[in-house]
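*Asks:* kindly return the folded structure for what I paste below:
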Amino acid sequence: MIDQVHSHLVRIVVNMSVAFQINIIQMEESLKCFPRLVQFAVECRSDIDLCDEEEWERCFLENNPYLQKFNFKFFN
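*Replies:* Now for the predicted structure:
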């Protein structure tokens, strides 16, 4: 049943604080679980290494072909 939930999720918002840090490779592996994702938002500290727009584009093109909206928000 969990697999069915993953495959049908269309919107995810991830908030990364000091206690929770992830790199782009780990994020990409996680996003592979949501192939029908339509909206994705990331809120993270400005010092976390997730700022490579080319990596995000490659990741979404390869793993999330239905993605229509991507929001990225930095905070201190």
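*Asks:* mind naming the longest helix for the chain?
*Replies:* helix 53-63 (DSSP state H).
*Asks:* what residues does that one touch?
*Replies:* With contacts defined as C-beta atoms under 8 Å, 6 or more residues apart in numbering, helix 53-63 is touched by 24, 27-28, 31-32, 35, 40, 50, 67, 70, 72. In this view, the C-beta of every residue, glycine as well, is placed from N, C-alpha and C.
*Asks:* rerun that using 7 Å as the cut-off
*Replies:* 24, 28, 31-32, 35, 67, 70 (C-beta atoms under 7 Å, 6 or more residues apart in numbering).
*Asks:* do you have the helices of the protein handy? List them.
*Replies:* According to DSSP H, the helices that the chain contains are 2-8, 24-31, 53-63.
*Asks:* the ones you listed: which one's closest to residue 15?
*Replies:* For residue 15, the closest of the helices of the chain is helix 24-31, at 13.1 Å, according to C-beta to C-beta.
*Asks:* give me the contact list for that closest one.
*Replies:* By C-beta under 7 Å, 6+ apart, the surrounding residues in contact with helix 24-31 are 37, 50, 52, 55, 59, 63-64.
*Asks:* any stretches of the chain with poor pLDDT?
*Replies:* 1-7, 17-20, 46-49 (pLDDT under 70).
*Asks:* and with 80 instead?
*Replies:* For the chain, the stretches flagged by pLDDT under 80 are 1-8, 15-22, 44-53, 74-76.
*Asks:* farthest pair within the contacts of helix 24-31?
*Replies:* Across the contacts of helix 24-31 (C-beta to C-beta), the longest gap, 19.2 Å, separates 37 and 52.
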